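Participant: Quick one, fold the following:
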Amino acid sequence: MSTSTILYKFKASLNFESLPLPGTSARLFDIKRAIVKAKKLDKSSGSGLEFDLAIENATTNEAYDDEDMILPRGTRIVVRRVASERGMGILSRLARMEVMGGGSGNGNGAAATAAARNPVQDGFYTFRNRDDDHDDEFYFDAAPTAAAAAVDEAKELEALKAVTDQAASLYGSSSTARGGARP
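Facilitator: Numbers count the residues shown, from 1 in each chain. Down below sits the predicted model:
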């Protein structure tokens, strides 16, 4: 499985730190979970479960609010620790998720049901091309059969001959007048 790196820093910090993640992209919730573990925010807060991480793009200052949003590798983010309502903090949601059986999801029933239908290990994603998707608009069979290639070549030669004959009739010359047909 390929790995990726998200660069993050807290608002008060000067330098970005790398956050290695499996896959080519990750959900915002899983990035928050990895930051909490990397910075050991779950150990140092004691009973202060009532905080969340506000994340924004470091380049565009776009706030990322949807925790199901997928961020590609190489994204630079700025993290702020903000107060949250009782029971809605990141550590509370992580604890509920572990009680519900882990996996990906942000603690609500719909996300847990969706995760059960489409299980993803640790909530991280790797995007791949579908090898067996023949309905794709740009599908190209890289290995045509010899019979199909011969038929295509014969059709192409017929079409070329028809175009050449039509051009010859328009301009008053023919391939036989120039010394015969070429092989």
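Participant: Every contact and neighbour count from this point should use C-alpha atoms.
Facilitator: Noted.
Participant: And the average pLDDT for whichever strand or helix holds residue 20 is what?
Facilitator: Following DSSP states H and E, the helix or strand that holds residue 20 is strand 17-22. Per-residue pLDDT values across strand 17-22 average out to 89.
Participant: Partner strands of that strand, with direction?
Facilitator: strand 3-10 (antiparallel) (DSSP bridges).
Participant: Residue 31 and residue 91, how far apart?
Facilitator: Distance from residue 31 to residue 91, counting by Cα to Cα, to the nearest Å: 13 Å.
Participant: circling back: can I get the strand holding residue 20 in CSV? Just the C-alpha atoms.
Facilitator: Taking Å, rounded to 0.1, in the frame of the first residue of the first chain, the C-alpha atoms of strand 17-22 are listed here in CSV:
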residue,chain,number,x,y,z
GLU,A,17,5.4,18.8,10.6
SER,A,18,4.8,15.8,8.4
LEU,A,19,2.1,13.3,9.2
PRO,A,20,2.6,10.0,7.4
LEU,A,21,-0.6,8.3,6.4
PRO,A,22,-1.3,5.1,4.5
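Participant: Averaged pLDDT, whichever helix or strand comes after it. What do you get?
Facilitator: For strand 17-22, the following helix or strand on the C-terminal side (DSSP H and E) is strand 25-27. Computed over strand 25-27, the mean pLDDT rounds to 89.
Participant: Does anything pack onto strand 25-27? Which helices or strands?
Facilitator: strand 70-72, strand 124-125 (3 or more Cα pairs under 8 Å, 6 or more residues apart in numbering; DSSP states H and E).
Participant: Direction included, what does the helix or strand that comes right after the first one pair up with?
Facilitator: I take that to be strand 70-72. Next helix or strand after strand 70-72 toward the C-terminus (DSSP H and E): strand 76-83. Using DSSP bridges, strand 76-83 pairs in its sheet with strand 3-10 (parallel), strand 51-57 (antiparallel).
Participant: Sweet, I'm off.
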